[in-house]
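Peer 1: Dropping the sequence and predicted coords here.
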Amino acid sequence: MKSHVFRPLVVVISIVCIALIVRVFYVPKDFGVHERGYMYGWYRQGNIEEWKNVKVKYQGTEYCKDCHSDKYESIMTTPHAIIPCEDCHGPALEHPSEPPKLAVDKSRGLCLRCHSFLPYPTSGRANIRGINPDTHNPDTECVMCHNPHKPSLEGLK
Amino acid sequence: MNRRDFLKKTAVVVGGLSLPLSAFKILTPKELLASTGSKTKTRWVFLVDTYKCVGCGMCVKACKLENEIPYDANVTRTWVERYVITKDGKTFADTPKGARDGFVTSKIDLGEGRYQDIKDKDIDKAFFVPKLCNQCENPPCVQVCPVGATYQTDDGIVLVDRKWCIGCGYCIMGCPYGVRFFHPVYHTAEKCNFCYHRITKGLKTACVQACPFGARQIGNIKDPNDPVAKIIMTERVGILKEEYGTKPQVYYIGLDREVK
Amino acid sequence: MVHGEIWTVKELFTYPNEYIYWSIQIVMYPFMTGLVAGAFVLSSLYHVFGIQQLKDMARFALVFSFALLFAAPMPIVLHLQHPLRGINVMMTSHFTSAIAAFGIVFFSYGAIVASELWFLYRKHFVEIALSLKDKQDKTFSEQLKFILYCTLTLGVYDISEEALKKDEKAIKVLAGLGIPVACFLHGYAGFIFGSVKANALWMTPLMPVIFIMSAIVSGIALCLLTYIAVMEIRKLLASRKKTPYQMYQSKEELKSVEMHVVKITAKYLLFFMIFAISLELLDLIFRGYTAVKSWDVLRSVIYGRDFTDIFILQYGIGNLLPLTLFLLPGLTLRRTVIGVLLVLFGVFMMRYNVVIGGQAFSLTFAGYMHYHLPIIPHNLETLKEGLFGAVGIFVMPFILFYFIGKVFPVFNYKDSH
């Protein structure tokens, strides 16, 4: 360009060009517009795989059923049948290889999640037998008397 | 120019302008795809039955362990709220630690270490409401991400790219449901993704699996035989904060006007 | 610990993940960009509209705007959880987000200011470069200076009358172009907040306009303040007769020029201030009158919890008091200084009440969050997003101005235009 007036413009354009070249190397190849369009689908495709590869920790009751069939069958006859094993026994992960033994949560707090009495007639809580944790043997662990696998009062230890 | 001429000319001009525009519109492949129905066969939705929820918080515990959210950090991908409406018309609500340890006391947590005692006889209605990401059809959090680090997959799940997120917090501000937070370890935006690693393997989400009462269910709205889809289609369900136009995809049975 | 937990106190019913995620640096950010935009608009008033009385202020404001420009993105960098990834905003811009425009707007604005400065100081660069070129056995620092100024000329050494005429024309065009871009730069900062539909306090189309108006107010105020400070120093130097100035020689001459410029600028400050306050009040009245769902919680925040911050600190001390000071007849220099300091404080409080006030209530509309600014830093987070970080950001443009002023002399430079 002849006139010196355009000199700053040349500088600006060259900066933009440098930025564009940097962009080519910096931005991952799989970054772009995907199914949901530019507004909701502008992302790096490889990230979806990364999320799919997150390790599964909770395996579900079916996973326990075969090896621990005795426990499984006994609890299935009780009201506690609805509680998945891992809610108390913790996530199975790769058990029995890793970890070889699961740490069971036998704390009073775990039982109180459902069995602390709350006077809420319009919720499912009303259908569960509850106690007042402040007056019902406050310093004792529930499992001292109750067997979670035989929760009915006949199953008292 | 009389009126008739004017109208005629206007019609010609408008028609002439809209013709190429409409032609362009038809030729857009995305529009075409949308009009014939998306190619995907999956659209994940969630169904919460608040009548069944007892507030045990097993879902919150399972979620934190499954999704590696530091157990003692005061943030969570899913939580359970308690609502207690008293006879004098007051509404009390709380969610201590997101109900990670359930609700074991009838005292309402008012924050700053204060608690409200409510007498049993004063209660008109009381119930629990589990919350999680709504995987909105029009996610405002995705719209405001400046770098494309959060996005919606073709099956409707909103994910966050932990390697690309700059941590500006705009998405956290943009979510009307308060679902997002900064991950205490990765320092990137974090949110519920319906356990994407599980649902894509045919498993249920951790919270659904951990719930003993069936208060939480996940399904595919595009599958007519899906039990969850059937309920959403045939029964009366509610959604949260409809006025924001986000089209949330978590449906609730037994929603109350007091639910925030 | 979760980000934000350290300075947030929650009360009543809030969602578990809610914290004050946008803290003091996000208050500083619109405050700083506001100063940039305001300073530029002030300089353009002379270049575009030919308001001769502002001539002396115009060049000063432009150079100061350039110094501020570098300081403006710093709060954002301090705020980001991953500052090194900040470049992603330019690399994979997602333009449906208001923040994504930052890269483009900021860069184009920077380019305009830099070009305008180049045209304004081109003659100066050429003169220095040529004088150094002829000089034999240059010292190392002179060698460096020579290289710097040669680069700054961009290879153009034509300073003929004709070429300078062209410069003048280019400045006019750029200044004209700069006004909408400066307004856009700051209007979009307002848009960042105004477009968040989840936030009941922020979401209003008035937000960008309010931000632009208060930006101009704060920019003019800061320019006025710095101008007075620099002139005082010059007066001090002139009375000691240590440095020979080309333009004004005696202390008395300086004094009369100073008062003249200050009075004129103060008038413009007043004009924009009244406009800004009217818009803010309109927004408040409208919210109260329409009283939609969120009004209950907003009212309890505005008239209750944040009453001191909003009505006493912002409107009272930050707006009403300086307005009275400026409107009382017989404006003195001291009164102007107090006035502009209060104006700057008022605009800062306005930003604070928008950013922090917008997070003072929960998304549930049934709970509140209180912000406690970390004063003594005890980790990186409280250093960056605490009092130290904020003060550091505020001081930054003055330090930059000192260095930039070395290359672009603001006062003792003979003007060809």
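Peer 2: Nice, thanks for sending it over.
Peer 1: neighbours around residue 16, how many?
Peer 2: I'll assume chain A. 13 (other CB atoms under 10 Å in any protein chain shown). Using the backbone N, CA and C atoms, a C-beta is placed for each residue, glycine as well.
Peer 1: Hmm, no, I was thinking of chain C.
Peer 2: 24.
Peer 1: Help me confirm that it is found in a strand?
Peer 2: No. C:P16 sits outside any strand when classified using DSSP: H, G, I helix; E, B strand; the rest coil, being coil.
Peer 1: Just give the nearest non-adjacent residue to it, would you?
Peer 2: B:G98 (3.8 Å; CB to CB, 6 or more residues apart in numbering or on different chains).
Peer 1: so who does C:T8 touch?
Peer 2: Neighbouring residues of C:T8 by CB atoms under 8 Å, 6 or more residues apart in numbering or on different chains: C:19-20, C:369-372.
Peer 1: re the thing from before, wait, isn't the residue nearest to C:P16 in contact with B:R82?
Peer 2: No. Contact status for B:G98 versus B:R82: not in contact, 11.4 Å apart, counting by CB atoms under 8 Å.
Peer 1: Leaving out chain neighbours, which residue sits closest to residue 149?
Peer 2: Just so you know, I chose chain A. A:I75 (5.0 Å).
Peer 1: my bad, chain C
Peer 2: C:A129 (4.2 Å).
Peer 1: Look up phi and psi at that neighbour.
Peer 2: phi -60, psi -40 (degrees, to the nearest 10).
Peer 1: From C:G367, how far out is it?
Peer 2: To C:G367, C:A129 is 64 Å away according to CB to CB, to the nearest Å.
Peer 1: try B:A229
Peer 2: 35 Å.
Peer 1: Look at the two and report which has more neighbours.
Peer 2: C:G367 (21 against 18).
Peer 1: Does the more buried one touch C:L12 like I think?
Peer 2: Yes. With contacts counted by CB under 8 Å, C:G367 reaches C:L12, the gap being 4.0 Å.
Peer 1: shared neighbours, the two?
Peer 2: With CB under 8 Å, 6+ apart, C:G367 and C:L12 have common neighbours B:G111.
Peer 1: which of the contacts of C:T8 are close to chain B?
Peer 2: C:Y19 (CB under 8 Å from any CB of the partner chain).
Peer 1: Tell me where chain A has helices.
Peer 2: A:7-26, A:37-40, A:46-52, A:61-65, A:69-75, A:85-89, A:108-115 (DSSP state H).
Peer 1: Check whether stretch C:63-74 comes near chain B.
Peer 2: No. Using CB under 8 Å from any CB, stretch C:63-74 stays clear of chain B, coming no nearer than 12.2 Å.
Peer 1: what packs against the helix of greatest length in chain C?
Peer 2: In chain C, with assignment by DSSP H, the single longest helix is helix C:251-290. On a contact count with 3 or more CB pairs under 8 Å, 6 or more residues apart in numbering or on different chains; DSSP states H and E, helix C:251-290 meets helix C:24-47, helix C:55-71, helix C:206-240, helix C:295-299, helix C:321-327, helix C:333-355.
Peer 1: Enumerate the positions of it that are buried.
Peer 2: C:251, C:254-255, C:258-259, C:261-262, C:264-266, C:268-270, C:272-273, C:275-277, C:279-280, C:283, C:287 (16 or more other CB atoms under 10 Å in any protein chain shown).
Peer 1: Quickly note the distance from the residue nearest to C:P16 to B:H187.
Peer 2: Distance from B:G98 to B:H187, by CB to CB: 20 Å.
Peer 1: With C:L154 instead?
Peer 2: Distance from C:L154 to B:H187, by CB to CB: 42 Å.
Peer 1: Kindly report the same for A:F6.
Peer 2: If you go by CB to CB, the gap between A:F6 and B:H187 works out to 45 Å.
Peer 1: same check, this time on A:E50
Peer 2: 17 Å.
Peer 1: repeat for C:E258
Peer 2: 50 Å.
Peer 1: How many residues are close by C:Y121?
Peer 2: For C:Y121, using other CB under 10 Å, the count is 20.
Peer 1: I figured it hits C:V410, correct?
Peer 2: No. If you go by CB under 8 Å, C:Y121 and C:V410 don't touch, sitting 10.2 Å apart.
Peer 1: shaky segments in the chain?
Peer 2: You didn't pick a chain, so chain A it is. Applying pLDDT under 70 to chain A picks out residues A:1-2, A:155.
Peer 1: Please refer instead to chain C.
Peer 2: Ranges of chain C meeting pLDDT under 70: C:241-249, C:411-417.
Peer 1: Where does it get nearest to chain B, which residue?
Peer 2: The minimum distance from chain C to chain B, using CB to the nearest CB, falls at C:Q81 (2.4 Å).
Peer 1: ok now do C:Q53, which residues does it touch?
Peer 2: Counted by CB under 8 Å, 6+ apart, C:Q53 has contacts C:260-261, C:264.
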